[in-house]
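S.K.: With the sequence up front, the predicted model follows.
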There are 2 protein chains.
Amino acid sequence: MRMQDRSGYTIWFTGLSGAGKTTLAMGLGAALIESGRRVEILDGDEVRQNLSAGLGFSKADRDANVRRIGFVARLLSRNGVVAIAAAISPYRAIREELRQTHDAPFIEIFVDCPLDELMRRDTKGLYAKAIRGEIEHFTGVSDPYEPPTAPDLIIHTARESTTQSIARLLKLLEDRQMTGYSPLASGR
Amino acid sequence: MRMQDRSGYTIWFTGLSGAGKTTLAMGLGAALIESGRRVEILDGDEVRQNLSAGLGFSKADRDANVRRIGFVARLLSRNGVVAIAAAISPYRAIREELRQTHDAPFIEIFVDCPLDELMRRDTKGLYAKAIRGEIEHFTGVSDPYEPPTAPDLIIHTARESTTQSIARLLKLLEDRQMTGYSPLASGR
């Protein structure tokens, strides 16, 4: 019987638009809630409305938006919550800054998907617009994306199913004794 | 022996600059941490740096800033944390909106102090500047403050000591079984 672990941490999903960050965040969140954890999902687009109305997509505005999501994740995670962020967060230095300023563990997950696959999927039609020049500052097309150099895990959404990815994420957390699953927790 | 209560809630201190919101937030926070609660203090000035850089003191900007503090308090409180906000938050309608959108209890505390007493104290010299017209949009002098019509508690910082005020706040929370004090909690 494992000890019940109630410490918070942040799972930070970074990657291009459409790579699968939100899907993974929701799936992982559901599994962790099932195991008795308190979970809060901070979705980039949604949080932007609440914290960053008026900010655009220049580097300065993107940095500010990512820092704000990071600030909220920091407060939640240091209070026992699993904060799961899904945000493009294209710049390595800002993600590193968030890791440094976190009080609780900051786990960086690179949601990797080849650009040609993203353009093929293009569920929202954004890549097509970006390529036609109708969207400025579109990460991966007309704006840079700096992949993590040492992420805690890389998820290849073009090569593995969501179920497989979630299983790998849970394995990572279990290895670090971070799922918090225990007979006590499951009983509440 | 009371049951251990681990539900979160928000304590929202509203009132003029210098009325004593931050002092009360810190004192109450310390007492609740002592009783085993997870506490996060959201101080208006401090949160402004993290969430609202670039916003000023127009009504729209103030509203946005207060809504952002409220959003963070909402996320914390619904995850078992006691979120304590200390923010002038001058407009009644926005505070009411925060109460409505909260998932956890939202407890509004009016930190009341007569303007002449605040001008007499004026520890930061802000009232003097505001009266001389050197600060625009200064709440209580050149900008409106709408006191709560039905706060959960009124603290008269000109007539009672901080110790007395904290005791009254704790009494309010104890009456609502919200302190979470228990032999179990104090042992951690």
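M.R.: Structure's in. What do you need? Numbers count the residues shown, from 1 in each chain, chains lettered A, B, ... in the order given.
S.K.: Show the secondary-structure elements that the longest helix belonging to chain A is packed against.
M.R.: Using DSSP state H to define each element, chain A has its longest helix at helix A:59-77. Where contact means 3 or more Cβ pairs under 8 Å, 6 or more residues apart in numbering or on different chains; DSSP states H and E, helix A:59-77 is packed against strand A:9-14, strand A:39-43, helix A:44-51, strand A:82-86, helix A:92-101, helix B:44-51, helix B:59-77. Quick note: C-beta positions are derived from backbone N, CA and C, even for glycine.
S.K.: Up against chain B, what does chain A have?
M.R.: Neighbours of chain B within chain A, by Cβ under 8 Å from any Cβ of the partner chain: A:38, A:40, A:50-51, A:53-54, A:64, A:67-68, A:71-72, A:75-76, A:79-81.
S.K.: Dump the C-alpha coordinates for stretch A:77-84 into PDB.
M.R.: Provided in PDB are the C-alpha atoms of stretch A:77-84 (Å, rounded to 0.1, in the frame of the first residue of the first chain):
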ATOM      1  CA  SER A  77       0.500  23.700  -7.300                       C
ATOM      2  CA  ARG A  78       2.000  25.100  -4.100                       C
ATOM      3  CA  ASN A  79      -1.300  24.500  -2.400                       C
ATOM      4  CA  GLY A  80      -1.700  20.800  -3.100                       C
ATOM      5  CA  VAL A  81      -3.400  21.100  -6.500                       C
ATOM      6  CA  VAL A  82      -2.300  19.400  -9.700                       C
ATOM      7  CA  ALA A  83      -2.200  22.400 -12.100                       C
ATOM      8  CA  ILE A  84      -2.300  21.200 -15.700                       C
END
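S.K.: Buried residues, that stretch. List them.
M.R.: Buried residues in stretch A:77-84, defined by neighbour count with 16 or more other Cβ atoms under 10 Å in any protein chain shown: A:77-84.
S.K.: next one: stretch A:29-45
M.R.: A:29, A:31-32, A:35-44.
S.K.: one step back: take the helices and strands packed on helix A:59-77 and write them to JSON lines, including distance to A:Arg168 and mean pLDDT.
M.R.: Listed next are the helices and strands packed on helix A:59-77 as JSON lines, based on distance: least, Cβ to Cβ, whole Å; pLDDT from 0 to 100:
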{"stretch": "strand A:9-14", "distance to A:Arg168": "13", "mean pLDDT": "98"}
{"stretch": "strand A:39-43", "distance to A:Arg168": "18", "mean pLDDT": "96"}
{"stretch": "helix A:44-51", "distance to A:Arg168": "22", "mean pLDDT": "87"}
{"stretch": "strand A:82-86", "distance to A:Arg168": "15", "mean pLDDT": "98"}
{"stretch": "helix A:92-101", "distance to A:Arg168": "20", "mean pLDDT": "97"}
{"stretch": "helix B:44-51", "distance to A:Arg168": "33", "mean pLDDT": "87"}
{"stretch": "helix B:59-77", "distance to A:Arg168": "27", "mean pLDDT": "95"}
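S.K.: Which among the ones you listed is found nearest to B:Gly125?
M.R.: Closest approach to B:Gly125 among the helices and strands packed on helix A:59-77 is made by helix B:44-51 (15.5 Å; Cβ to Cβ).
S.K.: distance between the closest one and the chain's centre?
M.R.: 14 Å (Cα atoms, centre = their mean, to the nearest Å).
S.K.: and that helix, which residues are buried?
M.R.: Buried-residue list, helix B:44-51, by 16+ other Cβ under 10 Å: B:44, B:47-48, B:50-51.
S.K.: Tell me which two in those residues are the farthest apart.
M.R.: It's B:Gly44 and B:Asn50 that sit farthest apart of the buried residues of helix B:44-51, by Cβ to Cβ, at 11.3 Å.
S.K.: Show me what the residue sitting nearest the centre point of chain A bridges to in the sheet.
M.R.: For chain A, A:Phe13 is the residue whose C-alpha lies nearest the centre (Cα atoms, centre = their mean; 2.1 Å). Judged by DSSP bridges, the bridge partners of A:Phe13 are A:Ala86, A:Ile109.
S.K.: Now do the same contact list for it.
M.R.: A:21, A:24-25, A:84-87, A:109, A:111 (Cβ atoms under 8 Å, 6 or more residues apart in numbering or on different chains).
S.K.: Repeat the analysis, applying 7 Å as the threshold.
M.R.: Contact partners of A:Phe13, counting by Cβ atoms under 7 Å, 6 or more residues apart in numbering or on different chains, are A:21, A:24-25, A:85-86, A:109, A:111.
S.K.: from those, which single one is nearest A:Leu173?
M.R.: Using Cβ to Cβ, the contacts of A:Phe13 come closest to A:Leu173 at A:Ile109, 10.8 Å.
S.K.: number of nearby residues for that closest one?
M.R.: 27 (other Cβ atoms under 10 Å in any protein chain shown).
S.K.: where's it relative to B:Leu126, distance?
M.R.: Using Cβ to Cβ, to the nearest Å, A:Ile109 is found at 45 Å from B:Leu126.
S.K.: got it, and A:Asn79?
M.R.: Distance, A:Asn79 to B:Leu126, by Cβ to Cβ: 32 Å.
S.K.: Likewise for A:Phe57?
M.R.: 36 Å.
S.K.: A:Gly70 too?
M.R.: 31 Å.
S.K.: So for those two, which residue has more residues nearby?
M.R.: Ranked by neighbour count (other Cβ under 10 Å), A:Gly70 and B:Leu126 place A:Gly70 first, with 26 against 17.
S.K.: what's the closest non-adjacent residue to the more buried one?
M.R.: Closest residue to A:Gly70 apart from its sequence neighbours, by Cβ to Cβ, 6 or more residues apart in numbering or on different chains: A:Leu98 at 3.8 Å.
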